[in-house]
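Student: heads up, no residue letters with this:
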């Protein structure tokens, strides 16, 4: 039984490559969401975790250097713990393991460059699951990984049977039904302990679990929304009751709670809420009330007796961790919100883009040997690797019909493919093997990219429909 004060970790995560977030509005999000969050944290004087892709960190520094100074100062003071995901917002379950490791290391370098601190805790975008995920994060040098409790708990046959929840590769999510998991485990400490105590994967990576059974309630409070789901908005009394109920569970089974591991963009804007919940073409509208409501949620946790903490503070207090052998039971190809990583792979955009990404990636691997001894060729090859990694960005492939990614999201991925192919041509020329097209043919691949470019740009896109999508 826990004898110290229970800890609560809040972990907003940031992604400026968000589907339907136009490049010209990225600075608005940095200033309207991230900067306001950082100001709130500075004012509170209590710690928080903050995750961002390496690309997002670079964009913050580029678009709003003053906001990067805010972030750096909080990190340097130890008030904000940086949490890392891959450099590009990738669906890690759907790409080669070595690409995940490469992107993670690139992201860690970026965080360290801008804040002076190299993250120790990782976040897996969309919590997409594949057999290589744990080893990739370990190989990249991370100490811990934030996990999705819902997909983990649904790997237990008795929970799946009791909740009636099933995975479907075409399904967006089961998010509004995941409360059934909490209903089943609320009197079962053998399951509650995974949400209240850190554990260790078989490879030694520390694991901290988040769940929609808490995060979804907090998200609806932030948005103040009712559309078709509730008679009235979530009230603070419900939040307070949630913290009280979970405090009893923490005291019985562990040491901490991770109530909010959701998008940082919901703090200051509506972000993707109306697309995700209602298939409505309404993106990143101002939501100033969500900033004060986030403060209210954090204060409610403190009032309930929680000590606001960072992930590493939880791990430090926990000491040696119990091994969790059940993580290998999580189903290959699942994701958070009761959805699947394979749903990302089954959208029309993904089915068109992914084979070309794979072909270019294979070309890079083939050319590594012939280009290894030439510095200029090796540099061009690294440029190609970064570019094809960028083309794998998950938000050029999501969401599925009747919604879609933004046309500009797909356009950026196509431009990345052209860039990668040009870099491979430069690598071959620098290595003196430009005629040896049996290794790789930039000319033929260029025509392949142009072919899918025409096909993808001819598709209709959700943001252009000007109305609520039909379901």
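Tutor: That came through, no problem. As the structure is a prediction and not an experimental result, all values here were calculated from the model. Numbers count the residues shown, from 1 in each chain.

Student: my guess is residue 437 contacts residue 443, does it?
Tutor: Yes. Counting by C-beta atoms under 8 Å, residue 443 is a contact partner of residue 437 at 7.5 Å. All C-beta spots, glycine's among them, are computed from the backbone N, C-alpha and C.

Student: okay, these two: which has more neighbours?
Tutor: Between residue 437 and residue 443, counted using other C-beta atoms under 10 Å, residue 437 has the larger neighbour count: 12 against 9.

Student: which stretches of the stretch 101-250 of the chain form strands?
Tutor: 121-123, 144-148, 199-200, 206-210 (DSSP state E, counting those that start in this stretch).

Student: residues in contact with the third one: which ones?
Tutor: Defining contact as C-beta atoms under 8 Å, 6 or more residues apart in numbering, one finds that strand 199-200 is touched by 206-207, 321-324.

Student: can you name the residues in contact with whatever helix or strand residue 50 lives in?
Tutor: In this assignment (DSSP states H and E), residue 50 forms part of strand 48-52. Applying C-beta under 8 Å, 6+ apart, the external contacts of strand 48-52 come out as 9-15, 37, 41, 60, 71, 79-85, 111, 121, 123, 146, 264, 308, 310-311.

Student: what mean pLDDT does that strand get?
Tutor: Mean per-residue pLDDT for strand 48-52: 98.

Student: so what strands line up beside it?
Tutor: strand 13-14 (parallel), strand 80-84 (parallel) (DSSP bridges).

Student: next up, the contacts around the closest residue to residue 134 other than its chain neighbours.
Tutor: Using C-beta to C-beta, 6 or more residues apart in numbering and skipping the chain neighbours, the partner closest in space to residue 134 is residue 201 (5.0 Å). Residue 201 makes contacts with 134, 138, 145, 207, 323-324, 327, as judged by C-beta under 8 Å, 6+ apart.

Student: go with 7 Å
Tutor: Counting by C-beta atoms under 7 Å, 6 or more residues apart in numbering, residue 201 touches 134, 207, 324, 327.

Student: again with residue 323
Tutor: 199-200, 202.

Student: just give me the closest of these to residue 338.
Tutor: Nearest to residue 338 among these: residue 199, at 21.5 Å, using C-beta to C-beta.

Student: is that closest one in a bridge, and if so with what?
Tutor: When bridges are called by DSSP bridges, residue 199 pairs up with residue 207, residue 322.

Student: let the chain start at 885 from now.
Tutor: Sure, I'll start counting at 885 from here, so that last one is residue 1083.

Student: low-confidence ranges in this protein?
Tutor: Applying pLDDT under 70 to the chain flags the ranges 885-887, 1055-1057, 1111-1113, 1350-1355.

Student: do that again at 90, thanks
Tutor: 885-888, 1049-1063, 1109-1115, 1156-1167, 1222, 1284-1287, 1346-1355 (pLDDT under 90).

Student: go ahead and flag the most central residue of it.
Tutor: Nearest to the geometric centre of the chain sits residue 1009, at 2.5 Å (C-alpha atoms, centre = their mean).

Student: confirm for me that that residue is in contact with residue 969.
Tutor: Yes. Between residue 1009 and residue 969 there is a contact under C-beta atoms under 7 Å: 5.4 Å.

Student: what's near enough to touch residue 1005?
Tutor: Contacts for residue 1005 were tallied using C-beta under 7 Å, 6+ apart; they are 965, 967, 1026-1028, 1030, 1195-1196.

Student: how far away is it from residue 1200?
Tutor: Taking C-beta to C-beta, to the nearest Å as the measure, residue 1005 and residue 1200 are separated by 12 Å.

Student: where along the stretch 935-1084 of the chain do the helices fall?
Tutor: 938-947, 949-960, 981-999, 1017-1023, 1033-1037, 1041-1047, 1063-1069, 1073-1080 (DSSP state H, counting those that start in this stretch).

Student: out of those helices, nearest to residue 1277?
Tutor: Checking the helices of the stretch 935-1084 of the chain against residue 1277 by C-beta to C-beta gives helix 938-947 as the closest, at 8.4 Å.

Student: now the angle from that closest one to helix 981-999?
Tutor: Interaxial angle, helix 938-947 versus helix 981-999 (axes from the mean of the first three to the mean of the last three C-alpha atoms, to 10 degrees): 30 degrees.

Student: buried ones in helix 938-947, by neighbour count?
Tutor: Judged by neighbour count using 16 or more other C-beta atoms under 10 Å, the buried positions of helix 938-947 are 938-945, 947.

Student: and residue 1147, what are its bridge partners?
Tutor: Applying DSSP bridges, one finds that residue 1147 bridges with residue 897.

Student: I'd say it and residue 1155 touch.
Tutor: Yes. Residue 1147 is within contact range of residue 1155, at 5.4 Å (criterion: C-beta under 7 Å).

Student: more crowded one of these two?
Tutor: More neighbours surround residue 1155 than the other of residue 1147 and residue 1155, with 28 against 21 (other C-beta under 10 Å).

Student: OK, contacts around that one?
Tutor: Counting by C-beta under 7 Å, 6+ apart, residue 1155 touches 1147, 1149, 1168.

Student: need those in a markdown table with distance to residue 1336, can you?
Tutor: Formatted as a markdown table, the contacts of residue 1155 follow (distance: C-beta to C-beta, whole Å):
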| residue | distance to residue 1336 |
| --- | --- |
| 1147 | 29 |
| 1149 | 29 |
| 1168 | 28 |
